[in-house]
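Q: below: sequence and its predicted model.
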Amino acid sequence: MANNVEISILLDLYGETLTEKQRLYLDYYYNDDLSLSEIAENEGITRQGVRDAIKRAETLLYDMEEKLQFSKRLQQVQKQAKSIIECAEEISDFNLSHGLSKEINDKTAKIKSLALSLTEQEELYGI
């Protein structure tokens, strides 16, 4: 299952570098959960032809990720954004418990909101 998610993410990131058929077959296989036989029947080619196209496309996606590392960087940004949110919550909690400053509370809320907008991208890619 993890491989399915990984390929789906890479397809989202690098899918435009593939041929239309490669994108279509990967989408059918990983996102629509069709079997090689079902794809072959729908597309009028052999099961082996579908398998070969999928394997070539997977190799291209992994090569793109190895070179560009967009998925890895996105995961790092998401991890850091979560850490920022936790820190902002701690500052806000401390500020509220000590009755210090409305400005600090407003700024921590803004920081948290900005970091949350970064984590929304994570949900788009399922990371």
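A: That came through fine. Numbers count the residues shown, from 1 in each chain.

Q: going forward, measure contacts between C-alpha atoms and count neighbours the same way
A: Will do.

Q: run the chain-centre distance for the worst-scoring helix or strand of the chain on mean pLDDT.
A: Counting by mean pLDDT, DSSP states H and E, the chain has its least confident helix or strand at helix 102-125, which shows a mean of 81. Distance, stretch centre to chain centre, for helix 102-125: 19 Å (CA atoms, centre = their mean, to the nearest Å).

Q: oh, and call the first residue 404 from now on, that's how I've got it
A: In the new count, where the first residue is 404, that last one comes out as helix 505-528.

Q: which stretches of the protein aren't confidently modelled?
A: Within the chain, the ranges that satisfy pLDDT under 70 run 404-405, 524-530.

Q: can you list the buried residues in the least confident helix or strand of the chain?
A: 508, 511-512, 514-515, 518-519, 521-522, 525, 528 (16 or more other CA atoms under 10 Å).
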